[in-house]
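Peer 1: Pasting a predicted model and its sequence here:
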Amino acid sequence: MTINAARRSSAWFAATGRAGMNHRSWMRSQGFTPEVFDGRPVIGIATTWSELAPCNAHLHRVAESVKRGVWQSGGFPLEFPAMALGETLLRPSAMLYRNLLAMEAEELFRANPLDGVVLLSGCDKTTPGLLMAAASVDLPAIMVTGGPMLNGKYQGTDVGSGTAVWRFEEAMLTGRMTAQECAFAEGCMARSNGHCMTMGTASTMASMAEALGMQLPYSATWPAVDSRRYETAQRAGQVAVDLVESDLRPSAIMTREAFENAIRVNAAIGGSTNAVVHLLAIAGRLGVRLSLDDFDELAQDVPTLVNLQPNGKYLMEDFCYAGGLPAVMRELGGLLHGSAVTVTGRTVAENVAAAPCWNRDVIHPLDVPFQAAGTGTAVLRGNLAPDGAVIKQSAAAAHLMKHRGRALVFDSPEAYYAVVADPGLDADEDTVLVIRYCGPKGYPGMPEVANVPLPAKLLQRGVRDMVRICDGRMSGTAYGTVVLHVAPEAAAGGPLALVRTGDWIILDVPSRTLTLEITDGELDRRRAEWAPPPPPASRGWTRLYTEHVRQADSGADLDFLVGASGHEVPRESH
């Protein structure tokens, strides 16, 4: 047989003697013919399929489509599992395990005879986790996300997964909805395969993968059950072979310019604040210079163009039919780096040059935006968040963008939930709810708990929003005036740990400040009295995570995983 010795996989399949015989013979036990060892590109298909991750439950079928494309283009496809992270079931938070997925996938890519990889993701942490792994190993790679669910339908109206949950919870607390009605609505929200069909974190990160150039155009929006989802997957298999042949790697695609494009696209689509922590982590794996402040500065002149829940009216299915992400990127025009290279081998500008928009109520033009420029994610700093915090302005109440109120402090979301229905709770619409010890180290894992429901007595009075401050995250499907990702977190000794009930807090989003109204001397005195909480675990992954996780403003990756480590072939065992 003719062997391409330049192939990474040739170190396994072209080996002579006992080693080569072992590698080939055990692969042939699966029924592969000898021709697969002729030097063709070996394409790994990393699937995060699992029935414990409902958003990813259809990825086996997506993988079959990818395999067709790889075979069609003369490659050798091999599917293998990577850790599935379903935010819907995994406790305490799928975010606790994002870095574990990234580490597992990185080692699998490096340890196996792979020339390129196709990344199959769905629920929101699987997308950044696999991109982090691909960035670290830097083998030719392409992502295929699983796609959003079909629009939810309840009582004749569209309802969005996640976003509707928060509204139904409020309705339950105020007696406007019964438990039986909620049980029926559950099946109406999630009625097909796929991830959340709102512009939550899963849809946002799928869009980020496309905006970064790591996913084929339109891949982010085809519904999971649309035949074009599988057509796109087959095309991705073909492209994976092309990427190996041209040696186009993630480091050449996910450049500083690509990240700037992603940040601006995130602002234009009204994307999740979780994109901040994930993009920072991916950039960190590549050595790309990216900071928390970039998300504020780069988005300042970008209006929100997409009218999607939780900020707007429509859902991902509507976004798809309106033209999808290419229509948005074409509309942004000169705000993007059009020369950035993508997995297609073409530039961003070439990919979207002819992208049409079919519904201007879903995707607004740049000169008549859905929301004005400067309404995206804002980065706040001050003595309460020295290293930064973020707020999603487009999901917040305008009248709370400048606010002064007394703090009501809770050391866990559970402590708050224990009193949320108490009619005697000492809180009014001006109160600032502080939920702390929810950061990377504190919970642990930085869960999506920041957007706690308002006190029942205030909901019954018609109050619909309050300022909430937390060192955790909130779902991209959520809404409200919620300050997130406060850094340093309380568990790391950040100032949030020193706030006391009754303290005055000033939120000033236009000035980008978050201030605790006490003197520096009082803050120092409280710091001297503060003691860190005990470690959440004495063994296993959680101990490793809490000992090495970085803060939110750096992407919450593990300190020893930052930076690329390459795809060198490991030593042969003897």
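Peer 2: That came through, no problem.

Peer 1: What ranges does this protein have for its strands?
Peer 2: Using DSSP state E, the strands assigned to the chain run over residues 42-47, 76-81, 116-121, 141-145, 152-154, 157-159, 377-382, 385-392, 402-410, 432-435, 468-470, 482-484, 504-508, 513-516.

Peer 1: Just tell me which of those ends up closest to Ala209.
Peer 2: Proximity to Ala209 (C-beta to C-beta) singles out strand 141-145 among these, at 4.6 Å. In this view, the C-beta of every residue, glycine as well, is placed from N, C-alpha and C.

Peer 1: Give me the helices and strands touching the closest one, please.
Peer 2: For strand 141-145, the elements it packs on are strand 116-121, helix 126-137, helix 201-211, helix 227-246, judged by 3 or more C-beta pairs under 8 Å, 6 or more residues apart in numbering; DSSP states H and E.

Peer 1: so how far is stretch 511-523 from its chain's centroid?
Peer 2: Offset of stretch 511-523 from its chain centre (C-alpha atoms, centre = their mean, to the nearest Å): 31 Å.

Peer 1: Going forward, the N-terminal residue is numbered 57.
Peer 2: Sure thing, new numbering starts at 57, so read that last one as stretch 567-579.

Peer 1: Apart from its chain neighbours, what residue comes closest to Val321?
Peer 2: The spatial neighbour of Val321 that comes closest, neighbours along the chain excluded (C-beta to C-beta, 6 or more residues apart in numbering), is Ala267 at 4.0 Å.

Peer 1: Ala67 now?
Peer 2: Ranked by C-beta to C-beta, 6+ apart and with sequence neighbours excluded, the top spatial neighbour of Ala67 is Val625, at 4.6 Å.

Peer 1: in terms of contact, does that neighbour touch Ser66 like I think?
Peer 2: No - at 9.4 Å, Val625 and Ser66 do not qualify as touching, with contact defined as C-beta atoms under 8 Å.

Peer 1: So which of those two has more stuff around it?
Peer 2: For Val625 versus Ser66, the count of surrounding residues by other C-beta atoms under 10 Å is larger for Ser66: 19 against 13.

Peer 1: With Gly95 as the reference, measure out to Val321.
Peer 2: 39 Å (C-beta to C-beta, to the nearest Å).

Peer 1: Counting neighbours, go ahead and name the busier of those two.
Peer 2: For Val321 versus Gly95, the count of surrounding residues by other C-beta under 10 Å is larger for Val321: 29 against 19.

Peer 1: ends of stretch 180-199, how far apart?
Peer 2: One end of stretch 180-199 to the other measures 13 Å (C-alpha to C-alpha, to the nearest Å).

Peer 1: try stretch 63-81
Peer 2: For stretch 63-81, the first-to-last residue distance is 19 Å (C-alpha to C-alpha).

Peer 1: got the buried residues for it?
Peer 2: By neighbour count with 16 or more other C-beta atoms under 10 Å, stretch 63-81 contains the buried residues 63-71, 76, 79-80.

Peer 1: biggest separation within those, which pair?
Peer 2: Maximum pairwise distance in those, criterion C-beta to C-beta, is 16.0 Å, between Arg64 and Arg80.

Peer 1: quick revisit: packed most tightly, which of the strands of the chain would that be?
Peer 2: The highest mean neighbour count among the strands of the chain, using mean count of other C-beta atoms under 10 Å, belongs to strand 197-201: a mean of 32.

Peer 1: for the residue nearest to Val321, what are its contacts?
Peer 2: With contacts taken as C-beta atoms under 8 Å, 6 or more residues apart in numbering, Ala267 has the following neighbours: 314, 317-318, 321-322, 381, 385.

Peer 1: for those residues, which one is nearest Ala292?
Peer 2: Leu381 (15.6 Å).

Peer 1: Mind checking which of the buried residues of stretch 63-81 land in helices?
Peer 2: Judged by DSSP state H, helices contain the following of the buried residues of stretch 63-81: 66-69, 76, 79-80.

Peer 1: Check which residues of the helix-or-strand element of the chain with minimal mean pLDDT are buried.
Peer 2: Sorted by mean pLDDT, DSSP states H and E, the helices and strands of the chain end with helix 219-229, the least confident at a mean of 79. Neighbour counts over helix 219-229 (16+ other C-beta under 10 Å) mark 219-224, 226-229 as buried.

Peer 1: Same check on stretch 237-248?
Peer 2: Counting neighbours by 16+ other C-beta under 10 Å, the buried set in stretch 237-248 is 241, 245-248.

Peer 1: One more: stretch 519-533?
Peer 2: If you call a residue buried by 16+ other C-beta under 10 Å, then stretch 519-533 has these buried ones: 521-533.

Peer 1: With stretch 506-517 instead?
Peer 2: Of the residues in stretch 506-517, those with enough neighbours to count as buried (16+ other C-beta under 10 Å) are 506-515.

Peer 1: Could you point out which of these is nearest to Asp417?
Peer 2: Ranked by distance to Asp417 (C-beta to C-beta), those are led by Asn507 at 27.0 Å.

Peer 1: residues near the residue lying closest to Asp615 once chain neighbours are set aside, how many?
Peer 2: With C-beta to C-beta, 6+ apart as the criterion, Asp615 has its nearest non-adjacent residue at 5.0 Å, and that residue is His604. The number of residues packed near His604 is 14, by other C-beta under 10 Å.

Peer 1: How about Pro589?
Peer 2: 12.

Peer 1: Need the phi and psi values for it.
Peer 2: Main-chain dihedrals, Pro589, degrees, to the nearest 10: phi -70, psi 160.

Peer 1: Please report the confidence value the model assigns to the nearest residue to it once chain neighbours are set aside.
Peer 2: Spatially, and ignoring its direct neighbours in sequence, Pro589 is nearest to Ala547 (5.8 Å; C-beta to C-beta, 6+ apart). In the predicted model, Ala547 carries a pLDDT score of 97.

Peer 1: so who does Ala547 touch?
Peer 2: Residues near Ala547 by C-beta under 8 Å, 6+ apart: 493, 495, 497-498, 527, 553, 588-589.

Peer 1: same thing but at 6 Å, please
Peer 2: Applying C-beta atoms under 6 Å, 6 or more residues apart in numbering to Ala547 gives the contacts 493, 495, 497-498, 589.

Peer 1: The closest residue to Arg341 other than its chain neighbours - how many residues pack around it?
Peer 2: Closest residue to Arg341 apart from its sequence neighbours, by C-beta to C-beta, 6+ apart: Ala191 at 3.8 Å. A count of nearby residues for Ala191, using other C-beta under 10 Å, gives 29.

Peer 1: Ala235 now?
Peer 2: Counted with other C-beta under 10 Å, Ala235 comes out at 8.

Peer 1: Which residue, other than its chain neighbours, is closest to it?
Peer 2: Closest residue in space to Ala235, ignoring its immediate chain neighbours: Met228 at 7.2 Å, by C-beta to C-beta, 6+ apart.
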